[in-house]
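Peer 1: Sharing a model that was predicted from the sequence below.
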Amino acid sequence: METFQIILGICAIAATVYGASRGAKCGVILADEKARKRKKESDFNEIENLRKALLAEILVIEKIYMEGMGNVIEAHPENESFLYIYPTGQRYFVIYEENAHLIGRIPNDTERSLIVKTYLQAKGLLDSYQYNNSMTEKMNYTRGLGPVILGQNYIPVQSEIDKMMQLYTPVLKKLHFEVKRSVNELKDSLGIPLKSRDFT
């Protein structure tokens, strides 16, 4: 029997035995219990809707990224410079950023940590692409105007940039696969609906 039904029974007995004033006090308790139950249900729905929205955001970003640069980085040889420009100037994680204050209310500690970890890793990957973009631009500059501006220093400068980029390609690939692994774990976790009994 639910708490609400028990309180309702007690209120009926109190009103019969002790009169209307005791029954009224019991009614206040009953109203409080109803309000608490509605609040818990509202909080549960808010967090479950947040989880669904995060899952949708992750699925959309993953699809767009993998159809573009994700497949390119996976196929790229590890020992060659990654000479691609990947524009990264937008706010990609809108749902996460706008609802970060609610993440702490997700009842599963592991899932909360996984959400934060995945989004931080993804932001780190974007930062790494920005760094690679700047090195690619320097490489393109030294190829184009380098001989005119740098003269005889052109070849050593281009060679140094190329070495740096060759060393950076495996780092970029490693970050990509770490994010991909975390995204898959998070998709699995967010795909399992919360149960109201797990939510306090």
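Peer 2: Noted; the coordinates are in hand.
Peer 1: Excluding sequence neighbours, find me the nearest residue to the residue most central in space within the chain.
Peer 2: A centroid search over the chain (Cα atoms, centre = their mean) returns residue 119, at 4.1 Å, as the residue closest to the centre. Leaving aside its chain neighbours, residue 119 sits nearest to residue 96 (5.1 Å; criterion: Cβ to Cβ, 6 or more residues apart in numbering). Glycine gets a C-beta too; all of them are placed from N, C-alpha and C.
Peer 1: who's in contact with the one you found?
Peer 2: Contact analysis of residue 96 by Cβ atoms under 8 Å, 6 or more residues apart in numbering lists 54, 57, 115, 119.
Peer 1: Out of those, which two sit at the greatest distance?
Peer 2: Across the contacts of residue 96, the longest distance by Cβ to Cβ is 10.9 Å; it joins 57 and 115.
Peer 1: Spatially, what comes nearest to residue 115 if we skip its sequence neighbours?
Peer 2: Counting by Cβ to Cβ, 6+ apart, the residue nearest residue 115 is residue 103, at 5.8 Å.
Peer 1: Test my guess that that neighbour contacts residue 117.
Peer 2: No. Using Cβ atoms under 8 Å, residue 103 is not in contact with residue 117; the gap is 11.5 Å.
Peer 1: Which one of those two is surrounded by more residues?
Peer 2: A direct count of neighbours by other Cβ atoms under 10 Å for residue 103 and residue 117 places residue 103 higher, at 18 against 15.
Peer 1: related to what we said a few turns ago, quick one: the residue nearest to residue 115 and residue 109, what's the gap?
Peer 2: According to Cβ to Cβ, to the nearest Å, residue 103 stands 11 Å off from residue 109.
Peer 1: per-residue confidence for residue 145?
Peer 2: With respect to pLDDT, residue 145 scores 62.
Peer 1: need the contact list for the residue nearest to residue 115.
Peer 2: 50, 112, 115-116.
Peer 1: Report the buried members of those residues.
Peer 2: Buried members of the contacts of residue 103, counted by 16 or more other Cβ atoms under 10 Å: 50, 115.
Peer 1: Reformat the contacts of residue 103 into CSV and put pLDDT and secondary structure next to each item.
Peer 2: CSV is the format used below for those (pLDDT from 0 to 100; DSSP: H, G, I helix; E, B strand; the rest coil):
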residue, pLDDT, secondary structure
50, 95, helix
112, 94, helix
115, 96, helix
116, 96, helix
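Peer 1: what's the closest of the contacts of residue 103 to residue 63?
Peer 2: The closest of the contacts of residue 103, once distances to residue 63 are taken by Cβ to Cβ, is residue 115, at 18.9 Å.
Peer 1: Show me the helices in the chain, by range?
Peer 2: Here the chain has its helices, by DSSP state H, at 3-18, 20-65, 71-75, 94-98, 100-103, 109-144, 146-150, 154-190.
Peer 1: tell me how far the third one is from the chain's mean position?
Peer 2: Using Cα atoms, centre = their mean, to the nearest Å, the distance from the centre of helix 71-75 to the centre of the chain it belongs to is 22 Å.
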